[in-house]
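Q: I need the structure of the sequence given here:
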Amino acid sequence: MSWIILFFAGLFEVGWAVGLKYTEGFTRPIPTALTVAAMLVSLGLLGLAMKELPLGTAYAIWTGVGAVGTVIAGIILFGESMALFRLASVALIIAGLAGLKLSS
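A: Numbering: from 1, shown residues only. I've put the predicted structure just below:
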């Protein structure tokens, strides 16, 4: 169950990272409130997952899911680059995450 909680913590990290783009420097109240809520949920879920998972593994997975998800969201929502080297780099992050999961 901790792995599922950790995955959702990573998804909420993507939510607040994308939300930061929409806050326009925290000048827009609704996107700011949603971003702060996503931050709180993400950190809360991370804390729950860390009850059973090792610190280094949990934190690395959380940031990795957030990083990969944010890159994907940037491509879909903001038309960011899909350059081969960029996608290969994301694949390396995914491989590292899988390695951490398999070694835990």
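Q: okay, and the spatially closest residue to S103 that is not a sequence neighbour sits in which element?
A: Excluding the flanking residues, the one nearest S103 by Cβ to Cβ, 6 or more residues apart in numbering is T57, at 8.0 Å. To be clear about C-beta, it is placed using only N, CA and C from the backbone, and glycine gets the same treatment. Using DSSP states H and E, the element containing T57 is helix 55-78.
Q: coming back round to it: what about the residue nearest to S103, how many neighbours?
A: Under the neighbour criterion other Cβ atoms under 10 Å, T57 is assigned a count of 18.
Q: tell me where this protein has helices.
A: For the chain, the helices defined by DSSP state H cover 2-23, 29-49, 55-78, 84-103.
Q: circling back to that earlier point, for the residue nearest to S103, give me its contacts.
A: L100, S103, S104 (Cβ atoms under 8 Å, 6 or more residues apart in numbering).
Q: do you know the pLDDT at it?
A: On pLDDT, T57 comes in at 93.
Q: which residues touch stretch 34-54?
A: Residues contacting stretch 34-54 (Cβ under 8 Å, 6+ apart): 2-3, 5-6, 8-10, 12-13, 15-16, 19-20, 22-23, 58-59, 61-62, 104.
Q: once you drop chain neighbours, what's closest to the residue nearest to the spatial centre of the chain?
A: Central residue of the chain (Cα atoms, centre = their mean): G66, 1.5 Å from the mean position. Nearest residue to G66 in three dimensions, chain neighbours excluded: E13, at 3.4 Å (Cβ to Cβ, 6+ apart).
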